[in-house]
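Asker: here is a sequence together with a model predicted from it:
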Number of protein chains: 2
Amino acid sequence: NTFGMANGHAKLNASFTPLFSRLKSGPISVISQSGGVSHLIAYQALDERVGLGKVIGLGNRCNVDFADLLPYLTGDEETGIIVLFVEGQDDPRVLLSEIRKTAPHKPVVAMKAGQSAESARAARSHTGSLAGRYEIFEAALRQAGAIVSQDPGELLDIAKILTILKPAKGKNIAVMSFQAGPGILLTDAVVRNGLSMAVLSKRTQGRINRLLPPFTIRTNPVDMAFARNEEAFEDTVRCLLDDRKVDALIVFLLHHPFMTPKRIAGPLLRQKQKSEKPIVLCANSPRGFIEDEVAELESRGIPVYPLPERAVRALKGLFEYGEIREKGTG
Amino acid sequence: NTFGMANGHAKLNASFTPLFSRLKSGPISVISQSGGVSHLIAYQALDERVGLGKVIGLGNRCNVDFADLLPYLTGDEETGIIVLFVEGQDDPRVLLSEIRKTAPHKPVVAMKAGQSAESARAARSHTGSLAGRYEIFEAALRQAGAIVSQDPGELLDIAKILTILKPAKGKNIAVMSFQAGPGILLTDAVVRNGLSMAVLSKRTQGRINRLLPPFTIRTNPVDMAFARNEEAFEDTVRCLLDDRKVDALIVFLLHHPFMTPKRIAGPLLRQKQKSEKPIVLCANSPRGFIEDEVAELESRGIPVYPLPERAVRALKGLFEYGEIREKGTG
């Protein structure tokens, strides 16, 4: 028993949830052992305008299981990213083997419930499946090539970045902001999440020193101060992306009437065309001011997140998928 | 140099940010060494309808520092909770001593930047202050009685719960949901964040067994299934709150046209009047459907969060403040 399924592409809503008819269609497909959790993910996607394709509830897997659906979604042209919510599996090897086949072609982002004895027992009662030792299952999922997250919000953030950007090649991040404080928060988040702050080359450092006023932070993070000079901004973006020690760039922007994503879109998109490196924008604003500008930027290849931690965790997922692709799956 | 200050109560906006005039007034006051970070917090507060009082930017603390403002806010009738964003302090003992005086009277929720060498260097350049070894500073903040968070979103979630509820007396949580999956996610979040799932007494377990249909999860987490029976819901809430082994209750609800917060508000508020134990609602919905019902519930003493992780972290903050109050400060 579960809620059924919905398909954003076919405008099909074979579920008991009227809201699913509003889903924006997109390349993320979700297979979930829990109807409730797939609703949680779909509601977040609706709220954040992230496009979903197939949303499929397995329930207690009476006649359809992950192992049946993964090959289908791997071959499905409308599906670019596959999200799994797993409670437990009687024979996890079948699931792991299917992930191993899928991951080189399409990213698999997985969440596994049952981290504690209490939740494992509840999962068993819910879908009749043995949750197993969480740590072992999680390690096996990673080894098979899945990107693992413990949090439904983060899961969707990672899925979203993978729909917009190619896998990151390294984990050395450059951070740019217009205020020092948020740049420092981003730096903390980068290090806390196991990524690294890029050490800028002497050449880059020299170029940035000439571009920026003396009182700002000109190492990494780079604080532009509240500069109104678009040319210096674009030149700094170029310098950072040019640096061989930089693998990805996060830019932080706080909404202000004269400082919205549109203001920096031109420079960012121009420099993006000249570089393969991921650019992520962390743009914070109360609701109602920048949504359309965010949608425009995302449609042109720059994903946007509202909070430092979320931007960094998404970028970490992109880096993890880069590693998975490079290693192949074991 | 910094942005100035705003005061939600006096409808004063002495900052360069027009949006601050829209702040909802409330008991949370913010002192920040970074103008950008106080904007980030205030924008989140605007977005989530959390009320702020004074929002004060210190900048490089030319003539006003935390130690000047903490005693002022401690005595300020409009301030119930104090949020600090600290980059670094030349003499941290002065700050710690002021926190020690404030914490028994009003919760102090603090975020400290500079966890990594890179961010500590940036903080030094930003406000001319030594960030110090993060771990030592964080431990000292906790010892002085502050609740420490690393994330601006979490910081505000904790501040919000402290404006609505009294400190929690213990960390044994009961979880109720209408779908098993989200109940299991909440259970994982409870254990992951260092709280415990309450072990229900035999008596409670017997009562719940009689109340709920046999196929649902009837230990903790309790899954009500998609029950349309308000009486069984209220009886289950009562049983859980009655159990001496339960210190707090989290209820999870997914929006559905016939299942919104209003539907369970009556039972929750009635049982709340009979119990001192904190009740938190985790209500997930796309934007635009339940905001007014959420505001109504929060005004009547039940804080609401959209995601399991956020509800649990907030409750953890409430428990930490309970411990701080019980121990007194050292």
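Answerer: Looks like it arrived, so ask away. Remember, it's a predicted structure, so these values are computed and weren't measured experimentally.

Asker: can stretch A:180-192 be found next to chain B?
Answerer: Yes. Stretch A:180-192 comes into contact with chain B (C-beta under 8 Å from any C-beta of the partner chain), by way of A:Ala180, A:Gly181, A:Pro182, A:Gly183, A:Ile184, A:Leu185, A:Thr187, A:Asp188, A:Val190, A:Val191, A:Arg192. Backbone N, C-alpha and C define where each C-beta goes, glycine included.

Asker: same question but for stretch A:79-89, I mixed them up
Answerer: Yes. Interface with chain B: stretch A:79-89 contributes A:Phe85, A:Glu87 (C-beta under 8 Å from any C-beta).

Asker: returning to what we had before: so of the residues of stretch A:180-192 next to chain B, which ones are in helices?
Answerer: A:Ala180, A:Gly181, A:Pro182, A:Gly183, A:Ile184, A:Leu185, A:Thr187, A:Asp188, A:Val190, A:Val191, A:Arg192 (DSSP state H).

Asker: what comes into contact with stretch A:258-277?
Answerer: A:166, A:168-169, A:178, A:226, A:228, A:230, A:233-234, A:237-238, A:241-242, A:246-249, A:251, A:253, A:279, A:281, A:283, A:285, A:289-290, A:293-294, A:296-297, A:300-302, A:304 (C-beta atoms under 8 Å, 6 or more residues apart in numbering or on different chains).

Asker: quick one: mean pLDDT over it.
Answerer: When pLDDT is averaged along stretch A:258-277, the result is 94.

Asker: look up how far chain B lies from the closest residue to A:Val64 other than its chain neighbours.
Answerer: Spatial nearest neighbour of A:Val64, excluding adjacent residues (C-beta to C-beta, 6 or more residues apart in numbering or on different chains): A:Leu58 at 6.3 Å. As defined by C-beta to the nearest C-beta, to the nearest Å, A:Leu58 lies at a distance of 11 Å from chain B.

Asker: what's the answer for A:Phe178, then?
Answerer: 8 Å.

Asker: one more: A:Ala146?
Answerer: Counting by C-beta to the nearest C-beta, the gap from A:Ala146 to chain B is 17 Å.

Asker: so which bits of the stretch 101-250 of chain A are right by chain B?
Answerer: Residues of the stretch 101-250 of chain A lying near chain B (C-beta under 8 Å from any C-beta): A:113-116, A:118-119, A:121-123, A:125-127, A:150-153, A:177-185, A:187-188, A:190-192, A:197, A:217, A:219-221, A:223.

Asker: if we can go back for a sec, can you select the buried ones from the contacts of stretch A:258-277 in PyMOL?
Answerer: Selecting only the buried entries of those in PyMOL, with 16 or more other C-beta atoms under 10 Å in any protein chain shown as the criterion:
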select buried, chain A and resi 168+169+178+226+233+234+237+238+241+242+246+247+248+249+251+253+279+281+283+285+289+290+293+294+296+297+302+304
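
Asker: in strands, which of the contacts of stretch A:258-277 fall?
Answerer: A:Ala248, A:Leu249, A:Val251, A:Leu253, A:Ile279, A:Leu281, A:Ala283, A:Val304 (DSSP state E).

Asker: please name the nearest non-neighbouring residue to the fifth one.
Answerer: Yep, that's A:Ile279 we're talking about. A:Leu249 (4.9 Å).

Asker: could you do the fourth one as well?
Answerer: Using C-beta to C-beta, 6+ apart and skipping the chain neighbours, the partner closest in space to A:Leu253 is A:Ala283 (4.7 Å).

Asker: off-centre distance for the host helix or strand of A:Arg121?
Answerer: Using DSSP states H and E, A:Arg121 sits in helix A:117-127. The chain centre lies 28 Å from the centre of helix A:117-127; the measure is C-alpha atoms, centre = their mean, to the nearest Å.

Asker: relative orientation of it and helix B:180-192 in degrees?
Answerer: 170 degrees (axes from the mean of the first three to the mean of the last three C-alpha atoms, to 10 degrees).

Asker: and helix A:117-127, which residues are buried?
Answerer: Result for helix A:117-127 [16+ other C-beta under 10 Å]: buried residues A:Glu118, A:Ser119, A:Ala120, A:Arg121, A:Ala122, A:Ala123, A:Arg124, A:Ser125, A:His126, A:Thr127.

Asker: the inter-axis angle of the helix or strand that it is followed by versus helix A:117-127?
Answerer: Downstream of helix A:117-127, the first helix or strand assigned by DSSP H and E is helix A:134-144. Helix A:134-144 and helix A:117-127 are oriented at 70 degrees to each other (the same axes, to 10 degrees).

Asker: now for the following helix or strand past helix A:134-144, which elements pack on it?
Answerer: Next helix or strand after helix A:134-144 toward the C-terminus (DSSP H and E): strand A:147-148. Packing contacts for strand A:147-148, counted by 3 or more C-beta pairs under 8 Å, 6 or more residues apart in numbering or on different chains; DSSP states H and E, involve strand A:108-112, helix A:134-144, helix A:308-327.

Asker: adjacent strands (with direction) for the shortest one?
Answerer: I take that to be strand A:108-112. The strands beside strand A:108-112 in its sheet (DSSP bridges) come out as strand A:81-86 (parallel), strand A:147-148 (parallel).

Asker: among the ones you listed, which is the most enclosed?
Answerer: strand A:81-86 (a mean of 27; mean count of other C-beta atoms under 10 Å in any protein chain shown).

Asker: hmm, who's touching that one?
Answerer: By C-beta under 8 Å, 6+ apart, the list of residues contacting strand A:81-86 reads A:27-34, A:37-38, A:41, A:66, A:70, A:73-74, A:95, A:99, A:102, A:106-113, A:137, A:141, A:146, A:152, A:155-156, A:159, A:162-163, B:181.

Asker: go again with 6 Å.
Answerer: Applying C-beta atoms under 6 Å, 6 or more residues apart in numbering or on different chains, the contact partners of strand A:81-86 are A:27-32, A:34, A:37, A:73, A:106-112, A:159, A:162-163.

Asker: repeat that for stretch A:95-104.
Answerer: A:Phe66, A:Ala67, A:Leu70, A:Thr74, A:Gln89, A:Val108, A:Ala140, A:Ala144, A:Gly145, A:Ala146, A:Ile324, A:Thr329.

Asker: same thing but at 8 Å, please
Answerer: A:65-67, A:70-71, A:73-74, A:82, A:84, A:86, A:89, A:108, A:110, A:140-141, A:143-146, A:324-325, A:328-330.

Asker: what does stretch A:283-303 give?
Answerer: Under C-beta under 8 Å, 6+ apart, the answer for stretch A:283-303 is A:49, A:160-161, A:164-165, A:182, A:252-255, A:260-262, A:265, A:268-269, A:272, A:279-281, A:304-307, A:314, B:19, B:22, B:39-40, B:43-44, B:46-47, B:287.

Asker: low-confidence ranges, the stretch 51-200 of chain A, go.
Answerer: A:60-62, A:127-132 (pLDDT under 70).

Asker: which non-adjacent residue is nearest the residue in it positioned nearest to chain B?
Answerer: Residue of the stretch 51-200 of chain A nearest chain B, by C-beta to the nearest C-beta: A:Gly181 (2.4 Å). Counting by C-beta to C-beta, 6+ apart, A:Gly181 lies nearest to B:Ser34, which is 2.4 Å off, once chain neighbours are set aside.

Asker: hmm, A:Ile184 and that neighbour touching each other?
Answerer: Yes. Counting by C-beta atoms under 8 Å, B:Ser34 does reach A:Ile184; the two are 7.3 Å apart.

Asker: quick revisit: now do the residue of the stretch 51-200 of chain A closest to chain B against A:Ala10, distance only.
Answerer: 46 Å (C-beta to C-beta, to the nearest Å).

Asker: looking at those two, which has the bigger crowd around it?
Answerer: Ranked by neighbour count (other C-beta atoms under 10 Å in any protein chain shown), A:Gly181 and A:Ala10 place A:Gly181 first, with 30 against 12.
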